[in-house]
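Engineer: Could you look at this predicted model? Sequence included:
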Amino acid sequence: MNRRKALKNLGLSLGTITLSPAVLSLLHSCKSDLDWNPVFFSSDHVNIVAELSDLIIPSGDNIPGSKELNLVKFIDLYIHNISNKKDQDLLKKSTNAFLRNCLTKSTKNNFEKLDRNDLESSLKYFFKTKADDHSEWRQAYNKNKEQNIENDTYLIEAFSFNFLNTIRQLTITAFKGNEYIGENVLAYAPIPGQQKGCVDLEETTGGRAWSL
């Protein structure tokens, strides 16, 4: 799928985060103050999250990608400000599981040595090669949230998928909620008009997803 087609379909098959007033406030705050320090992820981990989100939404076709839009700031602040303590702890556990899984597959001994190719390979593995395993991974994650997963390869993958899926959802939410993207890339109607149900998206917006 080419870049333009991917953007047209963005969000049509993947749920995004509910846009409560608090989330909208975060989205607006991320337009400025590009010089910031992460509050949830460590400085090392946030670089990996930034690379992953940029692989999910790279720049191209004169459309800015995740790094140019600084979407990682929203991801970090959302988890810190909106997620509850239990979910934060589980995401930390999932982050560590992903890093361990990624190191094992790359045969490297330090996550700081992981490069963009390693991260892209992980995304392809979890979202393409093993796409049929998503339901089982979700079930395994939900049933074993409190368990020690250190020596269980399958659970490490289940928690790794939870981490990647969370980052993917937040990346897409941040992208669709970005003011520039909403007004210039996605279908945008500042004054809502007539409601038409069961209408082909290609006919109404040229195939573009609606802006949040």
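Structural biologist: Done, it's in. Numbering: from 1, shown residues only.
Engineer: Please count neighbours and contacts with C-alpha atoms only from this point.
Structural biologist: Will do.
Engineer: Could you list every helix and strand in contact with the strand or helix carrying N165?
Structural biologist: Assigned by DSSP states H and E, N165 belongs to helix 153-177. On a contact count with 3 or more CA pairs under 8 Å, 6 or more residues apart in numbering; DSSP states H and E, helix 153-177 meets helix 21-29, helix 43-56, helix 66-69, helix 71-81, helix 85-106, helix 134-143.
Engineer: how about 10 Å then?
Structural biologist: Here helix 153-177 touches helix 21-29, helix 43-56, helix 66-69, helix 71-81, helix 85-106, helix 116-124, helix 134-143, helix 179-184, going by 3 or more CA pairs under 10 Å, 6 or more residues apart in numbering; DSSP states H and E.
Engineer: Which among those is found nearest to N162?
Structural biologist: Closest approach to N162 among the helices and strands packed on helix 153-177 is made by helix 85-106 (6.5 Å; CA to CA).
Engineer: Any buried residues in the closest one, and which?
Structural biologist: Residues of helix 85-106 classed as buried: 90-103, 106 (neighbour count, 16 or more other CA atoms under 10 Å).
Engineer: Against which helices or strands is it packed?
Structural biologist: Judged by 3+ CA pairs under 10 Å, 6+ apart, the packing partners of helix 85-106 are helix 43-56, helix 71-81, helix 116-124, helix 153-177.
Engineer: One more pass at 8 Å, please.
Structural biologist: Judged by 3+ CA pairs under 8 Å, 6+ apart, the packing partners of helix 85-106 are helix 116-124, helix 153-177.
Engineer: Which phi and psi values does G60 adopt?
Structural biologist: phi 160, psi 160 (degrees, to the nearest 10).
Engineer: Ok, the one 4 residues further on next?
Structural biologist: The phi/psi pair for P64 (degrees, to the nearest 10) reads phi -70, psi 150.
Engineer: Pull the contacting residues for it.
Structural biologist: Contact partners of P64, counting by CA atoms under 8 Å, 6 or more residues apart in numbering, are P58.
Engineer: per-residue pLDDT, it?
Structural biologist: We have a pLDDT of 87 for P64.
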